[in-house]
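Student: Quick one, what's the 3D model for this:
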Amino acid sequence: TGKNSEIRIMVLEHLHLLHFKNHEGSDLTFGKEVNCLLGDNGSGKTNVLDAVHYLCHTKSYFNPIDGQNIAHGEQHMLIQGTFVRHDQQEKVSCAVERGVKKVFRRNEKAYDRLADHVGRFPAVMIAPADAVLIQEGSETRRRWIDSVISQFDREYLSQLMAYNKALNQRNTLLRYFAENRRWDAEALEPWDAQLVPLAVAIRAKRAEFVERFVPGFLETYREITNGAETVSVRYLTEVATTEEAVHQQWSEAQNDDRRLRRTT
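Tutor: Below is the predicted model:
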């Protein structure tokens with residue numbers, strides 16, 4: 001921010017948990033500075049952090065299946081938070097009942113689409129399990145990148161959702177071909193027409209994000225190691241940079257798609 005720029009912060013003032021994991025009924029009030037949670041192992045400290053993640057990202061950081069986050073033996077759970085954002089108090093809540101679609105509200109108004117909430121209350125979660133970003137495969141890193149970009153780029157989130165929806169339909173069609181022992185390449189063309197431009201757009205934004213991310217990452221790493229080590233981060237992808245080239249890639253991959261029954 002500039003010298004005379006106004007710095008605005010977002011503060012979570014209060015959190016209410018009902019039947020959320022091991023919290024049968026908890027109320028926590030937070031200060032504007034750093035807040036520390038102290039307690040024995042298994043007392044629910046990490047679950048408090050996960051509840052905050054729920055309110056900001058509409059889902060759990062650790063378990064995306066909502067019903068499995070309801071306390072054992074209970075039929076529903078509720079997470080409520082009071083934020084101060086842009087100097088305005090806002091209330092966010094998430095209600096989940098077994099067998100029923102979850103209800104997410106902001107200022108008592110329910111969302112029609114959960115994606116409309118993503119990015120309004122940006123949050124960063126750091127947990128021991130984050131080591132999988134290095135240890136696991138590229139899918140884990142893509143999910144992390146997608147989560148970060150989606151919080152500040154609503155168009156990217158829309159593109160990503162549209163891509164995943166069309167990709168699922170294309171994969172369903174490939175499985176149908178295999179199960180019925182038939183092949184119709186023309187039937188794939190409408191899905192390719194949707195997916196190719198989205199793939200190019202998503203690739204470009206991921207590459208741009210990594211380029212912007214690298215300087216801060218390198219500076220932090222230098223501070224941690226006192227400059228004793230040098231590292232680098234690169235975005236590697238087989239996806240080409242133009243729609244024409246990507247369409248050619250998809251055409252050349254059709255035999256593999258047919259054999260494996262999924263979009264390769």
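Student: Pull out the buried residues from stretch 242-255.
Tutor: Across stretch 242-255, burial judged by 16 or more other CB atoms under 10 Å covers V246, H247, W250, Q254. Every residue, glycine included, has its C-beta placed from N, CA and C.
Student: residue ranges with poor pLDDT in the chain?
Tutor: Within the chain, the set of residues satisfying pLDDT under 70 comprises 1-8.
Student: quick one on the thing from earlier: mind checking which of the buried residues of stretch 242-255 are in helices?
Tutor: V246, H247, W250, Q254 (DSSP state H).
Student: With adjacent residues omitted, what lies nearest to the third one?
Tutor: It refers to W250. D192 (5.6 Å; CB to CB, 6 or more residues apart in numbering).
Student: For the one you found, pull up the helix or strand it's in.
Tutor: Using DSSP states H and E, D192 sits in helix 185-225.
Student: could you redo the buried residues of stretch 242-255 as TSV and give each row distance to P122?
Tutor: TSV is the format used below for the buried residues of stretch 242-255 (distance: CB to CB, whole Å):
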residue	distance to P122
V246	31
H247	35
W250	34
Q254	40
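Student: and these, which two are the farthest apart?
Tutor: In the buried residues of stretch 242-255, two members sit farther apart than any others by CB to CB. They are V246 and Q254, at 13.6 Å.
Student: mind listing what the closest residue to R154 other than its chain neighbours touches?
Tutor: Of all residues not flanking R154 in the chain, G119 sits nearest, at 6.2 Å (CB to CB, 6+ apart). Contacts of G119 were listed using CB atoms under 8 Å, 6 or more residues apart in numbering, and they are S150, Q151, F152, D153, R154, L157.
Student: are any of the residues you listed buried, and which?
Tutor: For those, a burial check counting by 16+ other CB under 10 Å picks out S150, Q151, D153, L157.
Student: Of those, which is the nearest to S26?
Tutor: Closest approach to S26 among these (CB to CB): Q151, at 26.4 Å.
Student: OK, contacts around the closest one?
Tutor: Taking CB under 8 Å, 6+ apart, we find Q151 in contact with V118, G119, P122.
Student: any idea whether the second one is helix, strand or coil?
Tutor: Looking back up the chat, that one is G119. coil (DSSP: H, G, I helix; E, B strand; the rest coil).
Student: what about V118, how many residues close to it?
Tutor: The tally of other residues near V118 (other CB atoms under 10 Å) stands at 19.
Student: Distance of it relative to L55?
Tutor: 12 Å (CB to CB, to the nearest Å).
Student: With K45 instead?
Tutor: In this view, K45 and L55 are 17 Å apart by CB to CB.
Student: show me where this structure has strands.
Tutor: 11-20, 23-29, 76-85, 88-97, 100-106, 109-110 (DSSP state E).
Student: Could you dump these into a markdown table with distance to A131 added?
Tutor: Listed next are the strands of the chain as a markdown table, based on distance: least, CB to CB, whole Å:
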| stretch | distance to A131 |
| --- | --- |
| strand 11-20 | 26 |
| strand 23-29 | 26 |
| strand 76-85 | 27 |
| strand 88-97 | 28 |
| strand 100-106 | 29 |
| strand 109-110 | 37 |
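Student: W183: which of these is closest?
Tutor: Closest among those, using CB to CB: strand 100-106, at 37.3 Å.
Student: Between strand 88-97 and that closest one, find me the angle.
Tutor: Calculated by axes from the mean of the first three to the mean of the last three CA atoms, to 10 degrees, strand 100-106 forms an angle of 170 degrees with strand 88-97.
Student: Flag every buried residue along strand 100-106.
Tutor: Across strand 100-106, burial judged by 16+ other CB under 10 Å covers K102, F104, R106.
Student: hang on, the earlier thing: would CSV of the contacts of G119 with distance to N171 be doable?
Tutor: Output for those, formatted as CSV (distance: CB to CB, whole Å):
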residue, distance to N171
S150, 22
Q151, 27
F152, 29
D153, 26
R154, 26
L157, 21
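Student: Specify which member of those residues is nearest to G216.
Tutor: F152 (14.6 Å).
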